[in-house]
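> here is a sequence together with a model predicted from it:
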Amino acid sequence: MTLEIKIHDNHFVLHASGAVFWKEKNMLLISDVHLGKISHFRKHGIALPKTAFTGNFERLTSVADYFEAEIICFLGDLFHSKLNKEWDLFEDWINNRPENFLLIIGNHDILKPEKYEAVGMAIASELKVGPFLFTHEPEERDGYFTFCGHIHPGINLRGSGRQSMDLPCFFQSKNQMILPAFGEFTGKWIMEPAQNDRVYAIAGGDIVKINMVEKSKKNFFR
């Protein structure tokens, strides 16, 4: 369910939900929840079950209860669209949580700041803490290690036979960690790792470090 890694002498716990817990600051990082997207799809005639409304909130509650963080920081795209029924569910959810909340504004966060402030959520364009930078879109900046989201990273794994699978992943390069999308029905952007990149795939309820090897110009896993 979890895997702990170390970056700049700080300890970060990767969770199978797609969240990251920063031990030293008691902070939970979550990216790309895209609340409201299911309602948006249904409004435009895309058939999704009504039970899908509650899935994101159940996952949020589960990971928040697991870590009991002091701060939950959303790395953008918390709410996918204009106001709909899912905002009411979110309002109820956040009003019953003990954590402090911060939203790093993403490209889909088009609601007026007053909506977030009304539920006690601080908002910012970015956050800097020590050697770490927190943004929505990937950005490598001198002197910082960046945590971000936006692109919903995934990895395609192919074996020596014909088996193949696409999995969401945490994608780490030298100075950046891109978190997978937390929300359901968000899709994946398949990444092409360079030699020194680190990929932590989410396979069911497990976090698996992927060791990529080059063979016949194809990526295989072991």
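Everything's here; your move.
> mind listing what's buried along the longest helix along the chain?
Within the chain, and with DSSP state H defining each element, the longest helix by residue count is helix 52-67. Taking 16 or more other Cβ atoms under 10 Å as the neighbour-count basis, helix 52-67 is seen to contain the buried residues 53, 56-57, 59-60, 63-64, 66-67. Quick note: C-beta positions are derived from backbone N, CA and C, even for glycine.
> next one: stretch 5-23
Of the residues in stretch 5-23, those with enough neighbours to count as buried (16+ other Cβ under 10 Å) are 5, 10, 12-22.
> list just the nearest of these to residue 187.
If you rank those by distance to residue 187 using Cβ to Cβ, residue 18 comes first, at 13.2 Å.
> closest to the centroid, which residue in the protein?
When Cα atoms, centre = their mean is applied to the chain, the residue found nearest the centroid is residue 31 (3.1 Å).
> for it, give its distance to residue 18.
If you measure residue 31 against residue 18 using Cβ to Cβ, to the nearest Å, the figure is 7 Å.
> tabulate the buried residues of helix 52-67 (a markdown table), appending distance to residue 202 and pLDDT.
Formatted as a markdown table, the entries for those read as follows, by distance: Cβ to Cβ, whole Å; pLDDT from 0 to 100:
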| residue | distance to residue 202 | pLDDT |
| --- | --- | --- |
| 53 | 23 | 62 |
| 56 | 16 | 87 |
| 57 | 19 | 91 |
| 59 | 12 | 93 |
| 60 | 16 | 96 |
| 63 | 13 | 98 |
| 64 | 18 | 98 |
| 66 | 15 | 98 |
| 67 | 17 | 98 |
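> wait, residue 18 sits on residue 177?
No - taking Cβ atoms under 8 Å as the definition, residue 18 is not a contact partner of residue 177, at 11.9 Å.
> list residues touching both of those two?
Taking Cβ atoms under 8 Å, 6 or more residues apart in numbering as the contact definition, residue 18 and residue 177 share the neighbouring residues residue 170.
> residue 196 should be in a helix, yeah?
No - following the definition DSSP: H, G, I helix; E, B strand; the rest coil, residue 196 is coil and is not counted among the residues of a helix.
> can you count the residues close to the nearest residue to it once chain neighbours are set aside?
Nearest residue to residue 196 in three dimensions, chain neighbours excluded: residue 174, at 6.6 Å (Cβ to Cβ, 6 or more residues apart in numbering). Residue 174: 10 surrounding residues under other Cβ atoms under 10 Å.
> residue 34 now?
Neighbour count for residue 34, taken as other Cβ under 10 Å: 25.
> distance of it from residue 111?
From residue 34 over to residue 111 the distance is 13 Å, taken as Cβ to Cβ.
> okay, and the common contacts of the two?
Taking Cβ under 8 Å, 6+ apart as the contact rule, residue 34 and residue 111 both touch residue 79.
> just give me the longest strand of this structure.
Longest among the strand segments of the chain by residue count, using DSSP state E, is strand 164-173.
> give the pairing partners of the helix or strand that it is followed by; include direction for each.
Beyond strand 164-173 on the C-terminal side, the first helix or strand identified by DSSP states H and E is strand 176-178. Counting by DSSP bridges, the strands paired with strand 176-178 are strand 145-148 (parallel), strand 164-173 (antiparallel).
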